[in-house]
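Student: Have a look at this fold, sequence not included:
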Ligand SMILES: Nc1ncnc2c1ncn2[C@@H]1O[C@H](COP(=O)(O)OP(=O)(O)OP(=O)(O)O)[C@@H](O)[C@H]1O
């Protein structure tokens, strides 16, 4: 598995009364295949995973992916780290499904015919083969999330960061997307409010008030998180 390292990586942002701490300096070595992040809204989960592909830059410390410093070698890191957002509309920009996957492949596959062949193969793998030439807007929410995933995974990143990828989905689509995520050979960093999904991870971080309050096996992490929820 790839190695993700946070070395006292912290994030602050300017606020009206001075800097606000968004993530306390955090040190982690993530080598497990499936790492889950759970915790309350606004606790800092998205910020932590965004450090891994450079969407957020640490204001102190550093973040390394396979030894590459995210702040200094961003392009190389982003080739290794795919990112999947909660709302697939954020990353679907082309008119048709196949063109969207082709867009992801534009750098890695120069020949247009070969690019189309590979894009169609990826869509097939995600159960979207028959919709290849349809408009992205004709897809259901679940299909759109699968298409977004297909686009990210087409370039075969070593790590997939998925920030609440099932939050907008119904039960059937949650299962479909989860089956794809948990069937991947890649390392998965999964932010989720779905505790069933968290339980399927090899290691789970519980984030609270801008810091990791628990880090360990999934069942213990879920129990820890539940102990913090009133009622
Ligand atoms: N650039 C920024 N400037 C100021 N505040 C920020 C910035 N980025 C994030 N925050 C704040 O930091 C906190 C942590 O945000 P973050 O998105 O990491 O939380 P989260 O745990 O992913 O939440 P959710 O479960 O709601 O998605 C939130 O209160 C958020 O509003």
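Tutor: Great, that's in hand. For clarity, every value in this text was computed on a predicted model and none was experimentally measured. Numbers count the residues shown, from 1 in each chain.
Student: so is the closest residue to residue 58 other than its chain neighbours in a helix, a strand, or just coil?
Tutor: Counting by C-beta to C-beta, 6 or more residues apart in numbering, residue 58 lies nearest to residue 9, which is 4.2 Å off, once chain neighbours are set aside. (Each C-beta comes from the backbone N, C-alpha and C, glycine too.) Following DSSP: H, G, I helix; E, B strand; the rest coil, residue 9 is assigned to strand.
Student: Please work out how many residues are found near the closest residue to residue 138 other than its chain neighbours.
Tutor: Nearest residue to residue 138 in three dimensions, chain neighbours excluded: residue 131, at 7.5 Å (C-beta to C-beta, 6+ apart). The number of residues packed near residue 131 is 19, by other C-beta atoms under 10 Å.
Student: Same question for the one 5 residues further on.
Tutor: Other residues near residue 136 number 20, with proximity taken as other C-beta under 10 Å.
Student: again, but for the one 5 residues further on
Tutor: Residue 141 is surrounded by 14 other residues when neighbours are defined as other C-beta under 10 Å.
Student: And it, how far from the ligand?
Tutor: Separation of residue 141 from the ligand (C-beta to the nearest ligand atom, to the nearest Å) stands at 18 Å.
Student: Pretty sure that residue sits against residue 166.
Tutor: No. Shown here, residue 141 and residue 166 do not form a contact pair, counting by C-beta atoms under 8 Å, at 10.2 Å.
Student: Can you pull the residues that touch both of those two?
Tutor: residue 173 (C-beta atoms under 8 Å, 6 or more residues apart in numbering).
Student: hmm, back to that, what pLDDT does the residue nearest to residue 138 get?
Tutor: pLDDT recorded at residue 131 is 95.
Student: isn't it right up against residue 120?
Tutor: No. Look at residue 131 against residue 120 with C-beta under 8 Å: they stay out of range, at 11.0 Å.
Student: No further queries at this time; thank you.
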